[in-house]
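K.L.:
Give the three-dimensional model of this entry:
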Amino acid sequence: MKKLIALLLTVLAMAFCLTGCKDKVDTVAYENGVVKSGNGTFAIEKGEYLYFVNGVASNFTDNKMGDVEKGALYRVKLTEMGTKNANVERVIPKLATTGSATNGVFIYGDNVYYASPYDEKDKTGTVRSDYVDFRSFNLKDGNSERIGYEKNSVSKYQFLQNGNKVYLAYEYSETVDGAEKKKLKVLDASNGDSVYSVDGYTGLFFADDNQGKIFFAKNAYSEDLDADESFSEIYCYVAGNSSADMVFSGCGKNALGRDNRNSDDYKAKILDYTDLSGATLTIVKNTGKFLIFKLASLDTNSTTCYFGLDLSKEVKKENLVNMGSSNTYIDTALTSTAVVADLNSIYYIENSTYLKGLVKFDYSKVGEVTRGRTLLTGKANGANLAFMDGNFIYVSGTDGIYYRVDVTQGENADYRQINAIASKGLTEWFVPRVVGDKFITVYGDSIFQNYLYAIDLKDFANEDKYGEYISGLATLDREKVTALSETIVGKMTGSDKDAFNASLDATYPEETDEE
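P.N.:
So this is what the prediction gives:
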């Protein structure tokens, strides 16, 4: 009996730690600025500061609150960012990353929301770093709380704000009957209570800009058949709701008699071209401002086409625009990696017989000779789209060199190199971004120890200064590497400083007067 009681107490203690452990640390001076850009990335512009993850840690098991430096959340004034002797402050002394570039840090009001490797031990004394720990941190009082946790099968997550409330939405995998099954779970970030969950979908898209709407497609289920239908439907989930609304249906005439689908409300959501058997609906993109999906009829010789929706309008069939029938050209343009400025301005990299490079696609011109495609620069052939900032598209080559293109210049726009030192790839933990007039990146060379560095873009419009910058870094020496190290956005740990200096001495030794 005593053993049973002891076991129950251990289980209860572990359950308490997993759901409600709190930490409190000293806070930096409170700053009441609003978030201007980057929410959901690893570098957020808020007020006068950049809040950022200070490099990527190599050890994810040593994550005790108060001890962490590398991989913790720091901040620096925007005016000092990437300058020598900048005043860099540690905000949350705990790992604020799980190593995935698809997820980041979020700030709403006075609270920071983030994911961190779970740092507590099980009864065998093993740190449970196989869990993702979702947490909040109050910038005013320094209180840190656990919102929830999940096995490291989490593929993506977002903290979403709706009104004055914040919610955690995350997708994870679970093995059911020997097969991997994806699920979505939504929690109230204030108390960790479950708000909504769904599984069985064929595709789920969070908004790129965290606007609070999640779209997913799934095969319709028939109570009459006690089985899935062959056609699919698209649902829209709004953060905080206990259910998702079915907004578009691929229901065909054969299924209208089942499950009371003859109602006017349901019929208003059935899309054209569905015919008898219905259609599958596949989501291509959800930017938060625009939704794009593909309809493919299940009947033989029927139309396959794309639809777009401006999400500033109500999510209903009347507001959809038909972006064209499926063909080689539109299929190449409308992909999940495309950058959508608006439905008439979609940018992608094409590598076809006729077009090679950065292309702009306009669905309204599909019927013309160019089929809606305009080559902006062939120099981007083989590159990867990174992101869009204002009028500039940023792309990266396979060699870790980034370029930018001013899309307002049209065909043959200037293709300007950003970095002369190779950066980490897009699949790494930090996706480069622009903050003010600085390009923030992580250099690939190990000598730089996996921290963020800033490249000043102010002089890039000046041909002479731009040329001096690129040619000046063509060949590295001790002085240049030292100068680059001083553009660090964050703060090196003592051990990383030692490693940097040792590598510097070994690779770029100081010159002496000895013969």
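K.L.:
residues touching Val34, list them.
P.N.:
Going by C-beta atoms under 8 Å, 6 or more residues apart in numbering, Val34 touches Lys46, Gly47. The C-beta positions use only the backbone N, C-alpha and C, and glycine is treated the same way.
K.L.:
All further residue positions should be reported with the first residue as 21.
P.N.:
Taking 21 as the first residue, the last one we looked at is Val54.
K.L.:
And it, how far from Asn482?
P.N.:
32 Å (C-beta to C-beta, to the nearest Å).
K.L.:
Next: Glu89.
P.N.:
The value you get for Glu89 to Asn482, if C-beta to C-beta is used, is 38 Å.
K.L.:
the more surrounded of these two?
P.N.:
Glu89 (18 against 11; other C-beta atoms under 10 Å).
K.L.:
And what about the more buried one, helix, strand or coil?
P.N.:
Three-state call for Glu89 (DSSP: H, G, I helix; E, B strand; the rest coil): coil.
K.L.:
Could I get the contacting residues of it?
P.N.:
Glu89 neighbours (C-beta under 8 Å, 6+ apart): Asn74, Arg110, Pro113, Lys511, Thr513.
K.L.:
ok, now with 6 Å
P.N.:
Neighbour list for Glu89: Thr513 [criterion: C-beta atoms under 6 Å, 6 or more residues apart in numbering].
K.L.:
and if you look at the one 5 residues further on?
P.N.:
Tyr94 is in contact with Phe72, Asn74, Val108, Arg110, Gly510, counting by C-beta under 6 Å, 6+ apart.
K.L.:
could I get those residues as a markdown table with distance to Phe327?
P.N.:
Below are those laid out as a markdown table (distance: C-beta to C-beta, whole Å):
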| residue | distance to Phe327 |
| --- | --- |
| Phe72 | 38 |
| Asn74 | 43 |
| Val108 | 47 |
| Arg110 | 47 |
| Gly510 | 44 |
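K.L.:
Dump those to TSV, plus secondary structure and neighbour count.
P.N.:
Converted to TSV, the contacts of Tyr94 look like this (DSSP: H, G, I helix; E, B strand; the rest coil; neighbours: other C-beta atoms under 10 Å):
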residue	secondary structure	neighbour count
Phe72	strand	28
Asn74	coil	29
Val108	coil	19
Arg110	strand	19
Gly510	coil	25
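K.L.:
Could you work out the most separated pair of the residues you listed?
P.N.:
Spatially, the most separated pair among these is Phe72 and Arg110, at 11.2 Å (C-beta to C-beta).
K.L.:
between the contacts of Tyr94, which is closest to Asn339?
P.N.:
Closest to Asn339, out of all of the contacts of Tyr94 and judged by C-beta to C-beta, is Phe72, at 38.1 Å.
K.L.:
For burial, what's the neighbour tally of the closest residue to that closest one other than its chain neighbours?
P.N.:
Nearest residue to Phe72, sequence neighbours excluded (C-beta to C-beta, 6 or more residues apart in numbering): Ala63, at 4.3 Å. Residue crowding around Ala63 was assessed by other C-beta under 10 Å; the count is 23.
K.L.:
Would you mind listing the buried residues in stretch 467-484?
P.N.:
Ile467, Phe468, Gln469, Asn470, Tyr471, Leu472, Tyr473, Ala474, Ile475, Leu477, Phe480 (16 or more other C-beta atoms under 10 Å).
K.L.:
any chance of those residues in JSON lines, with secondary structure too?
P.N.:
JSON lines is the format used below for the buried residues of stretch 467-484 (three-state DSSP):
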{"residue": "Ile467", "secondary structure": "helix"}
{"residue": "Phe468", "secondary structure": "helix"}
{"residue": "Gln469", "secondary structure": "coil"}
{"residue": "Asn470", "secondary structure": "coil"}
{"residue": "Tyr471", "secondary structure": "coil"}
{"residue": "Leu472", "secondary structure": "strand"}
{"residue": "Tyr473", "secondary structure": "strand"}
{"residue": "Ala474", "secondary structure": "strand"}
{"residue": "Ile475", "secondary structure": "strand"}
{"residue": "Leu477", "secondary structure": "coil"}
{"residue": "Phe480", "secondary structure": "helix"}
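K.L.:
Now do the helices in the stretch 171-320 of the chain.
P.N.:
Taking DSSP state H, counting those that start in this stretch, the helices of the stretch 171-320 of the chain run over residues 284-287.
K.L.:
Return the set of residues that bridge with Val174.
P.N.:
Tyr192 (DSSP bridges).
K.L.:
residues touching it, list them.
P.N.:
Val174 neighbours (C-beta under 6 Å, 6+ apart): Val152, Tyr190, Tyr192.
K.L.:
give me that answer again for 10 Å
P.N.:
By C-beta atoms under 10 Å, 6 or more residues apart in numbering, the contact set of Val174 is Thr118, Ser120, Asn123, Ala135, Tyr151, Val152, Phe154, Tyr190, Glu191, Tyr192, Ser193, Lys205.
K.L.:
again with Gly514
P.N.:
Residues near Gly514 by C-beta under 10 Å, 6+ apart: Glu89.
K.L.:
What separation do you get for it and Ile508?
P.N.:
14 Å.
K.L.:
Thr357 too?
P.N.:
Distance from Thr357 to Ile508, by C-beta to C-beta: 30 Å.
K.L.:
what do you get for Lys84?
P.N.:
Lys84 is 25 Å from Ile508, by C-beta to C-beta.
K.L.:
These two: who's more crowded?
P.N.:
Ile508 (25 against 13).
K.L.:
Tell me if I'm right that that one and Tyr473 touch.
P.N.:
Yes: taking C-beta atoms under 10 Å as the definition, Ile508 is a contact partner of Tyr473 at 5.7 Å.
K.L.:
No more questions from me, cheers.
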